[in-house]
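Enquirer: With the input below, show me the fold.
(one chain, ligands or ions: 1)
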Amino acid sequence: MTDITHIRNFSIIAHIDHGKSTLADRFIQVCGGLSDRELKEQVLDSMDLERERGITIKAQSVTLYYTARNGETYQLNFIDTPGHVDFSYEVSRSLSACEGALLVVDAAQGVEAQSVANCYTAIEQDLEVLPVLNKVDLPQAEPDRVAEEIEEIIGLDALDACHVSAKTGVGVPDLLEQLIERIPAPQGDREERLQALIIDSWFDNYMGVISLVRIRYGRLKKGDKIHVKSTGQNHVVDSLGIFTPKRKETKVLEAGEVGWVSATIKDIKGAPVGDTLTHANTPDVAMLPGFKKVKPQVYAGMFPVNADDYEDFRDALGKLALNDASLFYEPENSDALGFGFRVGFLGMLHMEIIHERLEREYDLDLITTAPTVVYELLLSDGETIYVDNPSELPEGNKIEEFREPIARVNILTPQEYVGNVITLCTERRGEQINLQYLGKQISLTYDIPMAEVVLDFFDRLKSASRGYASLEYAFERFQPAKLVKVDVLINGDKVDALAMICHLDHSAHRGRVLTEKMKELVPRQMFDVAIQAAIGSKIIARQTVKALRKNVTAKCYGGDVSRKKKLLQKQKEGKKRMKQVGNVEIPQAAFLAVLKVDD
Ligand SMILES: Nc1nc2c(ncn2[C@@H]2O[C@H](COP(=O)(O)OP(=O)(O)OP(=O)(O)O)[C@@H](O)[C@H]2O)c(=O)[nH]1
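Expert: Modelled structure (predicted):
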């Protein structure tokens with residue numbers, strides 16, 4: 001049991017690759033949480049996929065015991081935050097369990113837009129933010145310049161920011177001392193009635209739902225009967241504890257502490273993130289302010305290549321949704337692709353991750369259709385509706401006003417790339433709201449249609465600025481726009497799953513490039529395949545995939561049987577990710593060709 005004055009709860013705010021995980025591992029090592037060998041594997045990013053992509057997705061926590069230079073031992077609870085812009089809502093969630101945050105900035109790179117946004121969130125939530133200059137071991141590190149940048153851009157005093165190298169360990173002990181000194185201890189009476197915040201919940205195959213909680217008041221013990229405020233349900237705590245980073249059982253969690261709780265809850269909806277826990281006999285304890293609900297920003301259809309896999313697909317989505325409250329799905333039926341689901345994602349990265357997990361962990365072959373944002377439509381009968389699927393768009397004459405979502409986009413870029421960045425924003429129909437010089441960087445604010453932001457804006461921005469510009473965005477409003485639905489016809493038949501919504505001024509170009517891209521992607525068949533783009537009944541572009549003249553296996557006849565088998569096998573594998581639409585086979589890539597239109 002740690003006295004509440006000796007607890008420090010903190011998060012690390014850092015841009016991707018600025019060294020958050022390395023620093024966290026270093027803390028764990030200094031505090032003796034793991035052996036050197038265990039440390040080799042970065043411990044905080046636990047999902048395989050996360051490690052492969054080198055990004056942090058799910059918030060997790062680690063409890064460490066640090067003996068300071070004053071001889072006292074402190075309990076440090078480090079709550080991890082995801083780094084990618086798609087997952088920024090999880091940041092504020094993790095921050096709400098902390099009294100402080102470390103703003104880790106790569107001293108060779110400088111401040112990035114997303115860290116600025118997260119840092120403001122921390123300041124708004126009254127957290128003590130300590131700037132930290134990392135990677136000072138690099139020869140190109142300029143800690144003094146970056147410290148100035150932190151002051152100019154964020155307005156934080158960075159004069160006595162610690163200079164550290166998470167890689168070599170230099171400066172890390174000083175940072176821990178500063179953390180103890182400057183981040184306030186939590187407050188909360190342990191004799192009060194229990195009030196705990198659910199920071200995160202996930203599903204474990206053996207234990208059911210596990211929740212990460214921050215105890216505000218009172219204490220929670222094994223065997224306690226708890227009450228989930230929003231659902232009104234009671235459950236018995238069958239185990240609880242901390243992460244060291246391994247899951248370790250303890251007897252009690254007390255006010256100020258962060259730890260995990262398992263109460264044999266079967267579904268994460270039974271322990272909603274942001275909810276408040278109390279004891280069953282004190283159900284009138286006040287609800288803590290929760291978190292804002294996240295809404296998916298992009299929707300796409302997902303269909304099993306093999307119709308027999310539909311049930312498995314539904315089960316797999318259900319399982320993924322158990323650990324991902326932001327994953328939304330509902331059944332969808334496409335003329336071309338059959339039964340599947342309309343799935344909502346936070347962004348493209350989220351979509352790619354879900355697609356990959358479904359294929360990898362659940363062994364499904366899926367076709368994902370081009371993602372689209374949510375549009376607001378005012379109908380002629382006065383009704384307002386929201387459409388996330390081009391094929392569900394009402395007839396043109398029933399639409400009074402077509403409105404698209406607009407994102408407020410904040411970009412930080414070094415001065416030399418500002419021209420490229422402005423060109424990109426203008427191409428994406430952006431409207432400049434602000435431009436400000438901040439030291440060597442320029443801060444740009446634009447309003448850009450969400451559809452132009454979510455798909456590949458991030459990648460474009462990176463290439464326009466050699467990787468230096470950074471981005472942060474949020475939904476701002478709906479705004480009327482001249483939007484049209486572009487249909488794609490294969491041999492004269494409309495394929496619903498290929499329809500897209502785009503701006504009228506871009507539609508001719510997009511239609512043309514889309515048909516060109518599809519021509520490259522649709523394999524030649526035994527007959528000519530016409531690919532057309534149309535707005536209403538007007539054809540705006542056309543390409544033809546010429547018929548195949550020879551039988552692919554013909555030249556193997558009479559000869560090498562194994563070679564023929566190999567060829568057929570290869571064809572079969574190629575087919576896995578194809579879908580028969582009418583009598584034409586269309587590969588997965590063609591469904592996403594619209595994403596490549598700007599290449
Ligand atoms: N030279 C040097 N490299 C470092 C230092 N800290 C981290 N790195 C390297 O920078 C890269 C990114 O570090 P990570 O700790 O994975 O970055 P992160 O911020 O956790 O990234 P996400 O998990 O994606 O948010 C890795 O290759 C690290 O080895 C440092 O102090 N010096």
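Enquirer: For the residue nearest to Leu393 when sequence neighbours are not counted, give me its contacts.
Expert: Nearest residue to Leu393 in three dimensions, chain neighbours excluded: Lys485, at 5.3 Å (Cβ to Cβ, 6 or more residues apart in numbering). No exception for glycine: its C-beta is placed from N, CA and C like everyone else's. For Lys485, the contact set (Cβ atoms under 8 Å, 6 or more residues apart in numbering) comprises 390, 393, 499-501, 535.
Enquirer: got the residue ranges for the helices in the stretch 251-400 of the chain?
Expert: Per DSSP state H, counting those that start in this stretch, the stretch 251-400 of the chain carries helices over the ranges 310-322, 348-361.
Enquirer: among those helices, which is the most enclosed?
Expert: helix 348-361 (a mean of 18; mean count of other Cβ atoms under 10 Å).
Enquirer: Could you figure out how far it is turned away from helix 310-322?
Expert: Counting by axes from the mean of the first three to the mean of the last three Cα atoms, to 10 degrees, helix 348-361 lies at 130 degrees to helix 310-322.
Enquirer: coming back round to it: return the subset of the contacts of Lys485 lying in strands.
Expert: 500-501, 535 (DSSP state E).
Enquirer: chain center to stretch 321-332, what's the gap?
Expert: Centre-to-centre, stretch 321-332 and its host chain are 14 Å apart (Cα atoms, centre = their mean, to the nearest Å).
Enquirer: Okay, buried residues for that stretch please.
Expert: 321-329, 332 (16 or more other Cβ atoms under 10 Å).
Enquirer: now do stretch 365-383
Expert: Within stretch 365-383, the residues scored as buried using 16+ other Cβ under 10 Å are 365-378.
Enquirer: and if you look at stretch 158-166?
Expert: In stretch 158-166, counting by 16+ other Cβ under 10 Å, buried: 158, 161-166.
Enquirer: Closest one of those residues to Ile448?
Expert: Set against Ile448, the nearest of the buried residues of stretch 158-166 by Cβ to Cβ is Ala158 (30.9 Å).
Enquirer: Please identify the helix or strand for that closest one.
Expert: Per DSSP states H and E: Ala158 is located in neither a helix nor a strand.
Enquirer: Pretty sure it sits against Ala147.
Expert: Yes. In this structure, Ala158 is within contact of Ala147 by Cβ atoms under 8 Å, at 4.0 Å.
Enquirer: list residues touching both of the two?
Expert: By Cβ under 8 Å, 6+ apart, the residues touching both Ala158 and Ala147 are 131, 133.
Enquirer: which phi and psi does the nearest residue to Thr63 once chain neighbours are set aside have?
Expert: With sequence-adjacent residues excluded and distances taken as Cβ to Cβ, 6+ apart, Thr63 is closest to Ile242, at 4.0 Å. Phi and psi for Ile242, reported as degrees, to the nearest 10, are phi -130, psi 170.
Enquirer: Can you tell me how far Ile242 is from Glu352?
Expert: Counting by Cβ to Cβ, to the nearest Å, the separation of Ile242 from Glu352 is 33 Å.
Enquirer: go on, Tyr437?
Expert: To Glu352, Tyr437 is 36 Å away according to Cβ to Cβ.
Enquirer: try Gly256
Expert: Computed with Cβ to Cβ, the distance linking Gly256 and Glu352 is 39 Å.
Enquirer: swap in Ile385?
Expert: Using Cβ to Cβ, Ile385 is found at 29 Å from Glu352.
Enquirer: Show the model's pLDDT score for Gly396.
Expert: With respect to pLDDT, Gly396 has a value of 76.
Enquirer: what's the answer for Glu520, then?
Expert: pLDDT for Glu520: 86.
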